[in-house]
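# Let me see the structure of the following:
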Amino acid sequence: MSGGHFDYKQYEINQITYSIKELIESNDNKDIGEYGYPIGRGFSKETISKFKEAELTLRRAEAMAQRIDWLVSGDDGEETFHERWKKEVPDDSL
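Numbering: from 1, shown residues only. Purely as a prediction, here's the structure:
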């Protein structure tokens, strides 16, 4: 079956997470983009810290949704669910 209970929406969470990571990594990039503006946004360290918090939270949310999806779709039993949760859901430390 390979999941499907949530219509694979956890992959949309993954795309948002990736986009936030790109914003973090390019924040201080002063190169000029195709529209004539710097690539980096130049957000403060405090703001980037919040972006990092959001990135971690979204990674956790995606992993949690995936594990629940596979459990309720019948791909995993409860024992496997707990084993994979422990391995795949990142802890909340930054």
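# Shouldn't N29 be within a strand?
No: with the criterion set as DSSP: H, G, I helix; E, B strand; the rest coil, the secondary structure at N29 is coil rather than a strand.
# what sits against it?
Under the criterion of C-beta atoms under 8 Å, 6 or more residues apart in numbering, the contact partners of N29 comprise P38, I39, G40. Any C-beta I mention is one placed from the backbone N, CA and C, and that applies to glycine too.
# can you pull the pLDDT of the first one?
In this prediction, P38 carries a pLDDT score of 94.
# State the phi and psi torsions of it.
Comment: the main-chain dihedrals of P38 come out as phi -60, psi 140, following degrees, to the nearest 10.
# Quickly note the distance from it to N27.
With distances defined as C-beta to C-beta, to the nearest Å, the gap from P38 to N27 amounts to 10 Å.
# Most neighbours among the contacts of N29, which one is it?
With neighbours defined as other C-beta atoms under 10 Å, the most crowded of the contacts of N29 is G40; it has 15 neighbours.
# so what's that one up against?
S26, N27, D28, N29, K30, D31.
# Can I get the buried ones among those residues as something I can paste into PyMOL?
Burial among the contacts of G40 is assessed by 16 or more other C-beta atoms under 10 Å; the matching PyMOL selection reads:
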select buried, resi 27
